[in-house]
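>>> The sequence and its predicted three-dimensional model are supplied below.
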Amino acid sequence: MTIRLYDTSARQIRDFTPLTPGCVSIYLCGATVQAAPHIGHIRSGLNFDIMRRWFEHRGYDVTFVRNVTDIDDKIINKSAEQGRPWWSVGYENEVAFNTAYDALGCLRPTCEPRATGHIPEMIEMMRGLIERGHAYAADGNVYFDVRSFPDYL
């Protein structure tokens, strides 16, 4: 039985062909841990857990990466309101997310990088996008310039 998935880029259902035979890599943009999770947050994790298990059931070696955005304006603002360090607010909510995933029996990711562990790489990526005309800075933020990508809809 062939695994078929919807390819958002091609806008069609296609047969799944791994880049590396026998291996699947899944990246899920995980939680921004500004508050405790709600069902919408956990639904995404559950969907990807099912996909991971299906690939494993089909015999693939799966690497599942789910990042954690452990710093953003909302986390910083909450930390100021509560008189706590930003990392304390983020960590408390990260634990709440993992508790919810565990309660549903979701498998832990193979790797779970935190945004704060990759700030220099993010800055370099944004700098490169700006230099190539694909992003612009405004009011202390960096935005992707959708006009620089003709197929963007």
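Happy to help now that I have it.
>>> Tell me where the chain has helices.
39-57, 73-82, 86-103, 119-131 (DSSP state H).
>>> Is there a neighbour count for the residue lying closest to residue 53 once chain neighbours are set aside? I'd like the number.
Ranked by CB to CB, 6 or more residues apart in numbering and with sequence neighbours excluded, the top spatial neighbour of residue 53 is residue 107, at 7.2 Å. The C-beta positions use only the backbone N, C-alpha and C, and glycine is treated the same way. Around residue 107 sit 15 other residues, with neighbours defined as other CB atoms under 10 Å.
>>> and residue 107, what does it touch?
Listed by CB atoms under 8 Å, 6 or more residues apart in numbering, the contact set of residue 107 reads 49, 52, 53, 64.
>>> farthest pair in those?
53 and 64 (10.0 Å; CB to CB).
>>> between these two, who's got more neighbours?
Taking neighbours as other CB under 10 Å, residue 53 and residue 64 compare with residue 64 leading, 21 against 13.
>>> what pairs with that one across the strands?
residue 26 (DSSP bridges).
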